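Engineer: how would this look folded up:
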Amino acid sequence: MPDHIREVYAGQPETRIYRSHTGRKKRVNTILLGTWMGVVEERDDGWLKVKTIGPDGWVREEDTRTDMGLKLFFIDVGQGDACLVEAPGVRLLIDGGPMRNTRSYLTGWKYKWLLAAGYRVKFNALFVTHFDADHFAGLTKLIEDTRFEFDAIYHNGIARFHATKNKRPAGLDTDLGKTNRLNHPDEKRETLLTSFDDLQDAEQLLAQGGLMSAFRKFLEAVVLAHQQRRLGQLKRLTNREGHVPGFGTGNSLKIDVLGPVPTSPTGPCQFQWFNDSSHTRNGHSIVLKFSYGNRTALVGGDLNSESERYLLAHYHPDNPFAADATKACHHGSSEFDVDFLKAIQPYATIISSGDNENYSHPRADAIGGAGRYSRGERPLVFSTELARSYRSADDIHYGLINLRTDGDQMMLAQMLEKRSGT
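Structural biologist: The predicted structure is shown next:
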């Protein structure tokens, strides 16, 4: 393929590719909004001959656009979360699931040809919404992979120490660190005092020891990637920043940071304690709102009902959570606040969950709530688990969910992948 080939992208939600530009126009391919096409021939009558995914053919130029728009790929990682985000000149990753699924998708499918050609795949940012294994453990091997590099890795600042008290550093009264109750045992536990920020803090945590195993391995991979000059920075991200650095007002893609919300807008970064360790680290997940043109999408990690009420109260009377599409918090669990669903009121909800019967996600009330408090006469609820088809160990269709927008149109679709037999 010549280096000077003109690139265009599918401009319709379902863009049709035809065998011929004359006579009876038989459709040979259908591609989704924002899919790449390479123009190999142009005609004066408005038809383009293109190379693209699947059979090549002819497309009407009026059905194309000059950029890909915004794409969010919700990767099926089983019981966990992972989302790949692409926009013109931008590549982001939010969480990575518990195991190898994310890395397998990126290396064996999405960026297979780039990697095979010897290119490094660069992410502008990787976001760890919070340090629960089903969100970050699968990222460790990806960060270790020298074919990938990252401008920044953002996290919520809440570390994970050993669950057993005598195996974590002295002076920490929880597996998340020190709380206000340590020095005042008779007081109610209200504030998590311990947090970390950058690479220097990560190295200090590693030297201190007593970390949860998966968290320790993650930090070791991060430090190594920085030493290999594949990582620019590690940085805590809270609503104090307002937006993700480089994606603020004036950008075609804007990313607002709505959470976590520290207990005060300035000074040491401390967090409200929510009931227990699990609710606290989940409830202070990074919450991102993507804006592209007139369309918005909200991604909120593992927020729970207590933290959702906390966020609503913090922003009251404003409502920054309204969005056209949202990823359901905590895999479609029953721990959600109805007022928070009403605040979002999306057209579509995406649920990322797995087959773990102990969780039974997505729960019936979560699916019902997503539909009840959505906009439109026919609200959409997508599930990576329900989109998956399992026929045999060698024939699994993974439930990847596509969200794409050009700033006006927005479409969602589930994608079935199967082995080619080669």
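Engineer: Now do the contacts for residue 295.
Structural biologist: By Cβ atoms under 8 Å, 6 or more residues apart in numbering, the contact list for residue 295 reads 70, 324, 405, 407-408, 410. Quick note: C-beta positions are derived from backbone N, CA and C, even for glycine.
Engineer: Buried by neighbour count, from those residues: which ones?
Structural biologist: Those of those that meet the buried threshold are 70, 324, 405, 410, by 16 or more other Cβ atoms under 10 Å.
Engineer: is it possible to export those residues to JSON lines including pLDDT and distance to residue 280?
Structural biologist: Formatted as JSON lines, these follow (pLDDT from 0 to 100; distance: Cβ to Cβ, whole Å):
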{"residue": "70", "pLDDT": "97", "distance to residue 280": "32"}
{"residue": "324", "pLDDT": "96", "distance to residue 280": "30"}
{"residue": "405", "pLDDT": "97", "distance to residue 280": "34"}
{"residue": "410", "pLDDT": "95", "distance to residue 280": "34"}
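Engineer: just to revisit the earlier point, just the ones of the contacts of residue 295 in helices?
Structural biologist: The helices, defined by DSSP state H, take in nothing from these.
Engineer: In strands, which of those appear?
Structural biologist: 70, 405, 410 (DSSP state E).
Engineer: so what's the second one closest to, chain neighbours aside?
Structural biologist: Nearest-residue entry for residue 405: residue 295, 4.3 Å, with adjacent residues in sequence omitted and distances by Cβ to Cβ, 6 or more residues apart in numbering.
Engineer: For that neighbour, report the pLDDT, please.
Structural biologist: Note on residue 295: pLDDT of 97.
Engineer: any idea how far it is from residue 383?
Structural biologist: Distance, residue 295 to residue 383, by Cβ to Cβ, to the nearest Å: 22 Å.
Engineer: next one: residue 137
Structural biologist: From residue 137 to residue 383 the distance is 22 Å (Cβ to Cβ).
Engineer: Looking at the two, which is more packed in?
Structural biologist: Remark: of residue 137 and residue 383, residue 383 carries more neighbours, 24 against 21, as counted by other Cβ atoms under 10 Å.
Engineer: right, and the more buried one touches residue 353 too?
Structural biologist: Yes: here residue 383 reaches residue 353: they are 6.5 Å apart, a contact under Cβ atoms under 8 Å.
Engineer: tell me the strands in the stretch 51-200 of the chain, going along the chain?
Structural biologist: 57-60, 64-65, 70-74, 83-87, 90-94, 121-123, 125-127, 148-155, 191-192 (DSSP state E, counting those that start in this stretch).
Engineer: Give me the neighbour count for residue 290.
Structural biologist: So residue 290, with other Cβ under 10 Å, has 26 neighbours.
Engineer: ugh, typo on my part, it should be residue 373
Structural biologist: Neighbourhood size, residue 373 [other Cβ under 10 Å]: 19.
Engineer: For it, list the residues it contacts.
Structural biologist: Contacts of residue 373 (Cβ under 8 Å, 6+ apart): 338, 341-342, 344-345.
Engineer: again, 7 Å this time
Structural biologist: With contact taken as Cβ atoms under 7 Å, 6 or more residues apart in numbering, residue 373 is in contact with 341-342, 345.
Engineer: what's the answer for residue 14, then?
Structural biologist: Residue 14 makes contacts with 30, 32, as judged by Cβ under 7 Å, 6+ apart.
Engineer: Okay, and the beta partners of it?
Structural biologist: Residue 14 has these beta-bridge partners by DSSP bridges: residue 32.
Engineer: Pull up the gap between it and residue 309, please.
Structural biologist: For residue 14, the distance to residue 309 - Cβ to Cβ - is 40 Å.
Engineer: what do you get for residue 13?
Structural biologist: Using Cβ to Cβ, we find residue 13 at a distance of 37 Å from residue 309.
Engineer: among the buried ones among the contacts of residue 295, which two are most distant?
Structural biologist: 70 and 324 (11.2 Å; Cβ to Cβ).
Engineer: For the nearest residue to residue 208 once chain neighbours are set aside, grab the count of nearby residues.
Structural biologist: Spatial nearest neighbour of residue 208, excluding adjacent residues (Cβ to Cβ, 6+ apart): residue 169 at 5.4 Å. The local packing of residue 169 (other Cβ under 10 Å) involves 15 other residues.
Engineer: ok, now which ones touch residue 169?
Structural biologist: Counting by Cβ under 7 Å, 6+ apart, residue 169 has contacts 208-210.
Engineer: run the last query once more with 10 Å
Structural biologist: By Cβ atoms under 10 Å, 6 or more residues apart in numbering, the contact list for residue 169 reads 161-162, 177-178, 194, 205, 208-211.
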